[in-house]
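> can you look at this prediction? I've put the sequence above it.
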Amino acid sequence: MIKFQNVTKIYPPDTTVLHDICFEVKEGEFVSIVGKSGAGKTTLVKLILGLEEPTSGSVFFAGKNISEAYGADLQEIRRKIGGIYQDYKLLPAKTVYENVAYVMAVEGKENEEIISQVPKVLEVIGLAEKSNNFPKELSGGEQQRLAIARALVNHPDVVIADEPTGNLDPYNTYEVIRLLQKIHQSGKTVILSTHDREIVNKLGKRVITIENGRVVRDEEKGRFII
Amino acid sequence: MLTNLKRVFHFAFIDFYRNKGMSVAAIFVLTITMLLVTGLFFMRGVSNFLVETIQNKIDIAAYFKADTEEKDILTVKEEILKDSPDIKSIKYVSREEALNDFIEKHKDNNTFLKSLTEVGENPFLASLNIITNGSTAQYEQVSNTLQKDEYDTFIEKVDFSEKKGTIEKIFSITSNINKFGLILGAVLVLVAVSVVFNTIKLIIESSKDEIATMKIVGASTWLIKAPFIIQGAIFGAIAFTTCLLVTLAVTYFLSPGLSVIMPGFILFEYFILNLWMIILIQLGFGVGLGIASSFIVVRKYLKV
Ligand SMILES: Nc1ncnc2c1ncn2[C@@H]1O[C@H](COP(=O)(O)OP(=O)(O)OP(=O)(O)O)[C@@H](O)[C@H]1O
Ligand SMILES: [Mg+2]
């Protein structure tokens, strides 16, 4: 589903973040990517979404080289991925309701479906009361939950979550992880980047560990060891 | 498709409304630009009118002795027409017509009419009023014809106006004004256009993050672009309506005053006569500029 082939990423002028990365994520897998802060997890996620280009090597999504995808092709890839970003990337000029509704509109959903779905989703993530608030009027945790809702509402084939629990309390953290597990069980591919030891160890799924820009461990049923 | 179109309009109106301050600013600068262009159009109308008025002034008038027969006068007219067929106009005014014109013109003024009765008989002479095409050659030809010896018997006097000199002066003034006005106008319009462009740029710039995020969630270029372009069109449409109403009001109220300074020029009538042209100019500058600015700016931010 997703394949990194000898990917090196150097931020100009000379910050080498990723060095000759190779790994493949199969359809239906649940993969955690762990590493210290600054290890390059977010950069990895950005490469998958075509938000950054590899300096050398290629990243493939469903057989397509992402750095060669433009316009409609790239849009289609991005629509197939539910991205949860560390910095949320909410639409600042749109309300909570509109943020969720927008991605449904992007997907081409009909109005009736949007009108019936969005309130349900907001209810589930506990933001029903904040429907008409703007992102800047939300707490960090609320913004994070909105980002999650937005990523999941279209039922994407692949969910990529970059530090989705960073701002959540233990209860909400547990809820989010349970949600990701449920998505995985329904046959979807999930990529989770985190530096939360407890989560990774509890999941008991494949773990890719990145250190100094290299993959130092890639184990099925791995553990968080840094 | 229809859903998408509705959506895009919905987004545009919401953004327009939420961004009230900026929207008003954009509409304001657009309106000013359009008023400026409209003003230049009216200036052109006024200067054309002035030139035409002067060109249509009678430049040579030949007065015939009271006992001249009409057929002799018409012979002179034929003669002049034969020599200068492309003359602008030559009009025979009989003694009666001259009298009637005078009475008509001064019908509200008793002193004039009274003095007329005191004179007893018709004091006016028949005349040929000639408007040349403005060329020196024609002017000289006509005056030569009128000064022929054979006509001496019935021509009482010939009035040569100073029109030729005046025309030349006016021409040089208006052509200078036109040149100067054109340059000044072009500069002003350019400045105004760049102000409009930058205002719209500012609006879209404040949506930079929004646009970036829209791209990240996979929105199509069209879905991102269209609301901004529609917003530009809304700015243009509101500015256009405002501008047309302002033009209507200004021409309506200024018209009588201007007619006093420039008899025969009815500003409001000029507005009505050129309504389609003015609408076209204002639409072109308003809606066109609004859409074009949005289009250009949003393209820039889509290239990420
Ligand atoms: N646009 C950029 N230009 C230059 N350097 C960058 C840029 N983005 C990230 N970096 C650098 O690349 C390195 C990896 O950053 P990245 O965000 O991928 O780390 P991370 O693993 O996600 O860290 P964290 O766990 O703190 O989120 C960091 O040292 C960072 O300073
Ligand atoms: Mg990160």
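Perfect, I can see it now. Ligands and ions are numbered 1, 2, ... in the order given.
> show me what residue of the stretch 101-250 of chain B gets nearest to chain A.
Distance from chain A to each residue of the stretch 101-250 of chain B (CB to the nearest CB) is smallest for B:G218, at 3.4 Å. To be clear about C-beta, it is placed using only N, CA and C from the backbone, and glycine gets the same treatment.
> what's the burial count for that residue?
By other CB atoms under 10 Å in any protein chain shown, 23 other residues sit near B:G218.
> got phi/psi on it?
The main-chain torsion angles of B:G218 are listed as degrees, to the nearest 10 and equal phi 90, psi 20.
> pretty sure it is touching A:G82, no?
No. B:G218 is not in contact with A:G82 according to CB atoms under 8 Å; the separation is 10.3 Å.
> how distant is the lengthiest helix in chain A from the center of its chain?
Scanning chain A for the longest helix, with DSSP state H as the assignment, gives helix A:170-185. Taking the mean of its C-alpha atoms, helix A:170-185 sits 14 Å from the chain's own mean (CA atoms, centre = their mean, to the nearest Å).
> elements contacting that helix?
Packing partners of helix A:170-185 (3 or more CB pairs under 8 Å, 6 or more residues apart in numbering or on different chains; DSSP states H and E): strand A:30-35, helix A:140-152, strand A:158-162, strand A:189-194, helix A:197-203.
> who touches the residue of the stretch 101-250 of chain B closest to chain A in this structure?
A:Q75, A:E76, A:I77, A:R78, A:R79, A:K80, A:V106 (CB atoms under 8 Å, 6 or more residues apart in numbering or on different chains).
> just the helices in the chain please.
Went with chain A since none was named. With helices called from DSSP H, chain A shows them at A:41-48, A:71-80, A:96-106, A:111-124, A:140-152, A:170-185, A:197-203.
> let's do chain B instead
In order along the chain, chain B carries the following helices (DSSP H): B:2-18, B:20-55, B:70-83, B:95-105, B:110-119, B:136-146, B:163-205, B:208-216, B:221-261, B:267-273, B:275-283, B:289-302.
> could you dump those into TSV and include distance to A:K64 and mean neighbour count?
Supplementary listing: the helices of chain B in TSV, determined by distance: least, CB to CB, whole Å; neighbours: other CB atoms under 10 Å in any protein chain shown:
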stretch	distance to A:K64	mean neighbour count
helix B:2-18	25	15
helix B:20-55	40	18
helix B:70-83	86	14
helix B:95-105	89	13
helix B:110-119	97	10
helix B:136-146	81	15
helix B:163-205	31	15
helix B:208-216	18	19
helix B:221-261	19	18
helix B:267-273	61	17
helix B:275-283	45	15
helix B:289-302	21	20
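> so which residues on chain A come close to ligand 1?
Within chain A, the positions near ligand 1 by CB under 6 Å from any ligand atom are A:11, A:15, A:17, A:35, A:37-43, A:86, A:163, A:195.
> what's the PyMOL line that selects buried ones from the residues you listed?
Selecting only the buried entries of those in PyMOL, with 16 or more other CB atoms under 10 Å in any protein chain shown as the criterion:
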select buried, chain A and resi 17+35+39+40+41+42+43+86+163+195
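> now, which of the residues of chain A next to ligand 1 sits nearest ligand 2?
A:T42 (3.1 Å; CB to the ion).
> wait, that closest one touches A:S193, no?
Yes. When contacts are counted by CB under 8 Å, A:T42 is listed as touching A:S193 (7.2 Å).
> any low-confidence regions in the stretch 101-250 of chain B?
Counting by pLDDT under 70, the stretch 101-250 of chain B shows low-confidence ranges at B:134, B:136, B:161-168, B:170-171.
> by proximity to ligand 1, which residue of it wins?
Taking CB to the nearest ligand atom as the measure, the point where the stretch 101-250 of chain B comes nearest ligand 1 is B:A212, at 13.4 Å.
> picking that back up, between A:T42 and A:S193, which contacts overlap?
A:D162, A:E163.
> just the CA coordinates of stretch A:9-26, formatted as PDB?
Backbone C-alpha positions of stretch A:9-26 (Å, rounded to 0.1, in the frame of the first residue of the first chain) are rendered in PDB as follows:
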ATOM      1  CA  LYS A   9      15.300  13.800   2.900                       C
ATOM      2  CA  ILE A  10      17.600  16.700   3.300                       C
ATOM      3  CA  TYR A  11      16.000  20.100   4.200                       C
ATOM      4  CA  PRO A  12      18.000  22.800   2.600                       C
ATOM      5  CA  PRO A  13      20.700  23.600   3.100                       C
ATOM      6  CA  ASP A  14      22.000  20.500   4.900                       C
ATOM      7  CA  THR A  15      19.700  19.100   7.500                       C
ATOM      8  CA  THR A  16      19.600  15.400   6.800                       C
ATOM      9  CA  VAL A  17      16.400  14.200   8.400                       C
ATOM     10  CA  LEU A  18      15.900  10.800   6.800                       C
ATOM     11  CA  HIS A  19      18.700   8.600   5.400                       C
ATOM     12  CA  ASP A  20      18.100   5.800   2.900                       C
ATOM     13  CA  ILE A  21      14.800   4.700   4.400                       C
ATOM     14  CA  CYS A  22      13.200   1.500   3.100                       C
ATOM     15  CA  PHE A  23      10.100  -0.200   4.400                       C
ATOM     16  CA  GLU A  24       6.700  -1.200   3.100                       C
ATOM     17  CA  VAL A  25       3.300  -1.100   4.800                       C
ATOM     18  CA  LYS A  26       0.800  -3.700   3.500                       C
END
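> Serialize the helices of chain B to TSV and add fields for distance to A:E68.
As requested, the helices of chain B are exported to TSV (distance: least, CB to CB, whole Å):
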stretch	distance to A:E68
helix B:2-18	28
helix B:20-55	39
helix B:70-83	82
helix B:95-105	86
helix B:110-119	94
helix B:136-146	76
helix B:163-205	29
helix B:208-216	17
helix B:221-261	18
helix B:267-273	59
helix B:275-283	44
helix B:289-302	19
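> what's near enough to touch B:I90?
B:K77, B:I80, B:L81, B:L128, B:N129, B:I130, B:I131.
> skipping adjacent residues, who's closest to the residue nearest the centre of chain B in space?
When CA atoms, centre = their mean is applied to chain B, the residue found nearest the centroid is B:G45 (1.8 Å). For B:G45, the nearest residue in space outside its immediate sequence neighbours is B:Y270; the separation is 5.3 Å by CB to CB, 6 or more residues apart in numbering or on different chains.
> give me the distance between that neighbour and ligand 2.
Per CB to the ion, to the nearest Å, B:Y270 is found 68 Å from ligand 2.
> same thing with B:D59?
Separation of B:D59 from ligand 2 (CB to the ion): 88 Å.
> ok, and the closest non-adjacent residue to B:G264?
In space, B:G264 is closest to B:T53, 6.6 Å off (CB to CB, 6+ apart).
> count the neighbours of the nearest residue to A:L47 once chain neighbours are set aside for me.
The shortest distance from A:L47 to any residue that is not its chain neighbour, by CB to CB, 6+ apart, is 5.0 Å, and that residue is A:V59. Each residue near A:V59 was counted by other CB under 10 Å, and the total is 23.
> partners of A:V59 in the sheet?
In this structure, A:V59 has beta-bridge partners A:F4, where bridges are defined by DSSP bridges.
> for ligand 2, what is the nearest residue in the stretch 51-200 of chain B?
Taking CB to the ion as the measure, the stretch 51-200 of chain B has B:I200 as its residue closest to ligand 2, at 35.5 Å.
> so that residue touches B:I291, yeah?
No. Taking contacts as CB under 8 Å, B:I200 lies outside contact range of B:I291: 9.8 Å.
> mutual contacts of these two, please.
Common neighbours of B:I200 and B:I291 (criterion: CB under 8 Å, 6+ apart): B:G232.
> circling back: export the residues of chain A next to ligand 1 to TSV and tack on pLDDT?
Supplementary listing: the residues of chain A next to ligand 1 in TSV, determined by pLDDT from 0 to 100:
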residue	pLDDT
A:Y11	91
A:T15	89
A:V17	92
A:G35	89
A:S37	88
A:G38	88
A:A39	89
A:G40	90
A:K41	91
A:T42	92
A:T43	93
A:Q86	87
A:E163	89
A:H195	86
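> I'd like the residues of chain A next to ligand 1 as CSV, with distance to B:V189 appended.
Below are those laid out as CSV (distance: CB to CB, whole Å):
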residue, distance to B:V189
A:Y11, 45
A:T15, 48
A:V17, 50
A:G35, 58
A:S37, 55
A:G38, 54
A:A39, 57
A:G40, 53
A:K41, 54
A:T42, 49
A:T43, 49
A:Q86, 48
A:E163, 53
A:H195, 59
